[in-house]
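> Just the structure for this:
(one chain, ligands or ions: 2)
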Amino acid sequence: MREIFENIPIIRYEGPDSQNPLAFKYYNPDRIILGKTMKEHLPFAMAWWHTLCATGTDMFGRGTAHKSFGKEMETMEHAMAKVDAGFECMQKLGISYFCFHDADLVPEAADIRETNRRLDEITDYILEKIQSTGIRCLWGTANLFSNPRFMNGAGSTNAADVYCFAAAQIKKALELTVKLGGKGYVFWGGREGYETLLNTDMKLEQDNIARLMHMAVDYARSIGFKGDFYIEPKPKEPMKHQYDFDAATAIGFLRQYGLEKDFKLNIEANHATLAGHTFQHELRVSAINGMLGSIDANQGDDQLGWDTDEFPSNVYEATMCMYEVLNAGGLTGGLNFDAKNRRPSYTPHDMFYAFILGMDTFALGLIKAAAIIEDGRLNAFLQDRYASFYNGIGQTILDGSATLTSLACYAESLGAPAMPDSGRQEYLQSIVNNILFS
Ligand code: XUL
Ligand code: CO
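Numbering: from 1, shown residues only. Ligands and ions are numbered 1, 2, ... in the order given. This next block holds a predicted model:
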């Protein structure tokens, strides 16, 4: 087998004192944290699109990175070379999962029947690799946003023929996900939104998106898909407004259309930022609704208002993310690095440094989140803060025996209520810093 990344060794854990750039400082797959190995807590996934396809092209310039892997671009030989490169990358990093769009795998042909034949061929090859390496598919999806035909959306398009093309791509992507043993299937509504309400029938568009999702669930179950569907919320970009704005909006949509049993959410850190929320907020909203499924682990830039898809380096954010994940009892999905190198970091070495950074950041986040939980002060404070609801008049509110009259009588008996206790935010923040930096 031809080695593509010849100068990159297998990346191993060497500990925080190591200065070897091609070694993990914190991600030690076998280390036990709260009863499970780090590898079990952190089901990392490689995103096919960024890792194997993205060259750093931006609105003002061509790509800087070469991703031909020695073959002519836009050919099936190149598609096969991407499979080789992807599996070598995952094996060298000890990454157990990958995620893909249909369009990431093969060059799209003019006729969908030919594209589907190419997809069959490439997934035969991927399946061989899965069987020989044990690496698995975390989730699959259909790219319903790049082709110009989806300019007005896929489920939300105004054109029935385009809607049918979306259905055909979803059908095929589901078949491929099942063939590759994928744990999940993602709907990111990249163009499911609008540019102007002047030309938009919002009700029809949302009803149609739901219809497409119901058809997808029915078909997937009929071909044996047992996994979860995910909506990946994002408020905007590329559209001015996208219907899956944030976790709360997506959950409302799923419940309104009776999709909540088959769907969970795939929360992306950078999308939370764009929605004006913290990553932690989106995870908490998903978790308290029983819908925290999977995570696209990346980060945005505080000064930029768009999706920069950076590899995560912010340990504080990763800690708060893993704090939510641990409190929710873990993920049914995984942690997909929907992340890309910065344009000037264009060499294969940079690609591995980026994954090492991301994996070490989440390893640190896990270690520190577990330390916060074991320390217990945050949780104790939280319990104490709401204690008034667990006895006396508060308990009657929780057990449903209270009425507006009983509560009013109680309030009158008090005369004036006491001030609630201090929220102690600064004290709690200093506990977190203390744990992070000790
Ligand atoms: C785009 C994005 C997508 C989804 C999959 O912002 O996050 O790559 O993760 O379609
Ligand atoms: Co994403």
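> Need the pLDDT of residue 263.
Residue 263 is assigned 98 on the pLDDT scale.
> let me fix that: residue 417
pLDDT recorded at residue 417 is 84.
> Would you mind measuring from it to residue 213?
47 Å (C-beta to C-beta, to the nearest Å). Where you see a C-beta, it was placed from the backbone N, CA and C, and this is true even at glycine.
> The spatially closest residue to residue 155 that is not a sequence neighbour: neighbouring residues, count only.
Leaving out its chain neighbours, the residue that sits closest to residue 155 by C-beta to C-beta, 6 or more residues apart in numbering is residue 209, at 3.5 Å. Number of residues near residue 209 (other C-beta atoms under 10 Å) recorded here: 25.
> mind listing what the spatially closest residue to residue 101 that is not a sequence neighbour touches?
Nearest residue to residue 101 in three dimensions, chain neighbours excluded: residue 143, at 4.0 Å (C-beta to C-beta, 6+ apart). The contact partners of residue 143, by C-beta atoms under 8 Å, 6 or more residues apart in numbering, come to 101, 102, 103, 104, 169.
> Which of the three states applies to residue 143?
With DSSP: H, G, I helix; E, B strand; the rest coil as the basis, residue 143 sits in coil.
> Tell me the confidence at it?
Value listed for residue 143 in the pLDDT field: 98.
> and it, how far is that from ligand 2?
Distance, residue 143 to ligand 2, using C-beta to the ion, to the nearest Å: 12 Å.
> what do you get for residue 95?
For residue 95, the distance to ligand 2 equals 17 Å [C-beta to the ion].
> and that residue, what pLDDT?
At residue 95, pLDDT is 99.
> what residues are up against the nearest residue to it once chain neighbours are set aside?
In this structure, residue 95 finds its nearest non-sequential neighbour in residue 44, 4.8 Å apart by C-beta to C-beta, 6+ apart. For residue 44, the contacting residues are 93, 95, 96, 97, 334, 335, 336, 337, 358, 359, 362, by C-beta under 8 Å, 6+ apart.
> Got the phi and psi for residue 44?
phi -70, psi 150 (degrees, to the nearest 10).
> beta partners for it?
Beta bridges link residue 44 to residue 335, judged by DSSP bridges.
> ok, it to residue 298 distance?
Distance from residue 44 to residue 298, by C-beta to C-beta: 12 Å.
> what sits in contact with each of these two?
Common neighbours of residue 44 and residue 298, using C-beta under 8 Å, 6+ apart, are 337, 358.
> ok, back up a step: quick one: which of the contacts of residue 44 is nearest to ligand 1?
Ranked by distance to ligand 1 (C-beta to the nearest ligand atom), these are led by residue 336 at 7.3 Å.
> Look up phi and psi at the closest residue to ligand 1 within the stretch 151-300 of the chain.
Ligand 1 sits closest to residue 188 of the stretch 151-300 of the chain, with a gap of 3.5 Å, by C-beta to the nearest ligand atom. For residue 188, the backbone dihedrals (degrees, to the nearest 10) come out as phi -100, psi 120.
> Leaving out sequence neighbours, find the closest residue to it.
Distances taken as C-beta to C-beta, 6+ apart put residue 232 closest to residue 188, at 4.1 Å, once the chain neighbours are dropped.
> For residue 168, which non-adjacent residue is spatially closest?
residue 112 (5.8 Å).
> contacts for stretch 415-425?
381, 385, 411.
> my guess is the first one contacts residue 432, does it?
By that I understand residue 381. No. Taking contacts as C-beta atoms under 8 Å, residue 381 lies outside contact range of residue 432: 11.7 Å.
> The two - which one has more neighbours?
More neighbours surround residue 432 than the other of residue 381 and residue 432, with 19 against 15 (other C-beta under 10 Å).
> so where does that one fall, helix or strand?
Following DSSP states H and E, one finds residue 432 within helix 425-436.
> Next step: the contacts of residue 143 restricted to helices.
Secondary structure defined by DSSP state H assigns 102, 103, 104, 169 of those to helices.
> The last one and ligand 2: what is the separation?
Residue 169 sits at a distance of 18 Å from ligand 2 (criterion: C-beta to the ion).
> so that residue sits right up against residue 102, yeah?
Yes. Residue 169 is in contact with residue 102 according to C-beta under 8 Å; the separation is 6.1 Å.
> Next, show the common contact partners of these two.
142, 143.
> So which residues on this protein come close to ligand 1?
101, 141, 186, 188, 232, 234, 268, 296, 307, 338 (C-beta under 6 Å from any ligand atom).
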